[in-house]
Each structure stands twice: as structure tokens, then as C-alpha cells.
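Enquirer: Pasting a predicted model and its sequence here:
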Amino acid sequence: RERAAKEAAAEAIAKEEAERFAAREAEALQREREEAEQRRKEAEAPAEEQREVDSVVHALQTLRRLHLKRDPAALATCLQTLRAYINNLARNPQEPKFQRINCENSNFCAKVSSLEGGVSVLEACGFVAEGTSLVVSPEYLKSKGPKLFDALSKVDVMLEQVKSCC
């Protein structure tokens, strides 16, 4: 009887140890799943950011391809104007006057919208058409506003390239 009691106690202890081991294994597996999910999210975020930067680069390259040989002076003027819009918004994102561009403004019409692809650069920077204006939403500025500085540097590079070739 004593032996049976000892065996039963040993079985109970072994069962408890097996349950604790299984619980530790389940916790470790759950942690691994959570870490894998976090790594997956982190891996996707840069891809999304890269697409945003690529859209600005693509818009700038298209603008350059369409106008560099035909009218480099107009291209340089367009880039300088785009730079001013993007710079103002990047440095003063909470200022409502920089969140809206009047598309009927004569300066805008002459320097940006008259060149095919000029408005596309602004759209790649978060502006969307709203009536006769281009508007960037406060939500966009909160989530992606810092990316405007990346766009600004891309415009600066393109502007220097245009100035140096012509």
C-alpha cells in the first residue's frame, strides 16, 4: 500500500510537472507568434513607406522626363514652386493656409498645373483634389507628415539636377 501511495504521489508530481512544462511551452509558443506578428508588421511598414517615397520619386521622374528637354526653365520654375508648397507644409503642418492650394491661382496655373505631371507631385505628397483646390488632410499630416521632408529632399535633388544640366 505504501508503495502504491508513493507511486501515485510520483505520478501526480510527474503529471504536475508535465502540465507546467506544457504551460511553459504554450506561453513560449504564444510569445513566438506575437514576435513573428510584430516582425511581419514592421516588415510591412517600411514597404508602405517605400511605396509613398517611390510615388514622389515616380512623379518627379515623370515630370522631368516630360519637360527637361522641351522647357528646362519652366521645369525649374515648377520645381521651385513645388518646393515652396511642400516646404511650407512640412515646416508648418498645423497652418491651415498651407494645407490648401487654390488651383485657380494664376501663379499655380502658370508654374505648376500648366506642366503635365506638376500636380501629380503634390498628389504624391498627400494633396487631394477638393473642388477647385488641392487639400491635404490633418489625418494625413499626423500619420505621414514627416514624410514631407523626404519629398522635399527629392525635389531639391531634382531641382539641382535640372539647374546643373541647363
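Expert: In hand now; what should we look at?

Enquirer: Contacts only, for the closest residue to residue 94 other than its chain neighbours.
Expert: Counting by Cβ to Cβ, 6 or more residues apart in numbering, residue 94 lies nearest to residue 141, which is 7.8 Å off, once chain neighbours are set aside. Any C-beta I mention is one placed from the backbone N, CA and C, and that applies to glycine too. Residues near residue 141 by Cβ atoms under 8 Å, 6 or more residues apart in numbering: 89, 93, 94, 99, 126.

Enquirer: Neighbours of the fourth one, how many?
Expert: I take that to be residue 99. Per other Cβ atoms under 10 Å, the neighbour tally for residue 99 reads 21.

Enquirer: quick one, what contacts residue 71?
Expert: So residue 71 contacts residue 115 (Cβ under 8 Å, 6+ apart).

Enquirer: so how far is residue 6 from it?
Expert: The spacing between residue 71 and residue 6, counted by Cβ to Cβ, to the nearest Å, is 97 Å.

Enquirer: and the gap between the closest residue to residue 125 other than its chain neighbours and residue 106?
Expert: Leaving aside its chain neighbours, residue 125 sits nearest to residue 151 (4.9 Å; criterion: Cβ to Cβ, 6+ apart). Look at residue 151 and residue 106: by Cβ to Cβ, they are 25 Å apart.
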